[in-house]
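Asker: structure for this input, please:
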Amino acid sequence: MPAPSGRAPPTVRPSGGRPPGRAPPSSRSNTMADTVFVLLTIAVFALVGVVARGVTKL
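Answerer: Residues are numbered from 1 along each chain as shown. Have a look, this model is predicted:
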């Protein structure tokens, strides 16, 4: 039986919709994630540099 007035039943989300009750991520959490990513990337490159310098001394 179709839903009244031609609308989708409440259990079906329209495409691109968020689940009910979930807020969009805040810009602060995005900024923190970006900062952590940049710091981890720098740390990995520093570690690779230290390892490469140690290998050249062998």
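Asker: tell me where the chain has strands.
Answerer: Read by DSSP state E, the chain holds no strands at all.
Asker: what about residue 58, how many residues nearby?
Answerer: 4 (other Cβ atoms under 10 Å). Glycine gets a C-beta too; all of them are placed from N, C-alpha and C.
Asker: please renumber so the chain begins at 53
Answerer: Got it, first residue is 53 now, which makes that one residue 110.
Asker: so how far is residue 82 from it?
Answerer: Separation of residue 110 from residue 82 (Cβ to Cβ, to the nearest Å) stands at 43 Å.
Asker: residue 101 now?
Answerer: 29 Å.
Asker: for residue 100, same thing?
Answerer: 27 Å.
Asker: repeat for residue 108
Answerer: 39 Å.
Asker: quick one: which of those two has more around it?
Answerer: Using other Cβ under 10 Å as the criterion, residue 108 and residue 82 rank with residue 82 on top: 10 against 7.
Asker: give me the pLDDT value at the more buried one.
Answerer: At residue 82, the pLDDT value in this model is 89.
Asker: show me where this structure dips below the pLDDT cut-off.
Answerer: 53-77 (pLDDT under 70).
Asker: 90 - rerun?
Answerer: In the predicted model, the chain carries pLDDT under 90 at residues 53-82, 109-110.
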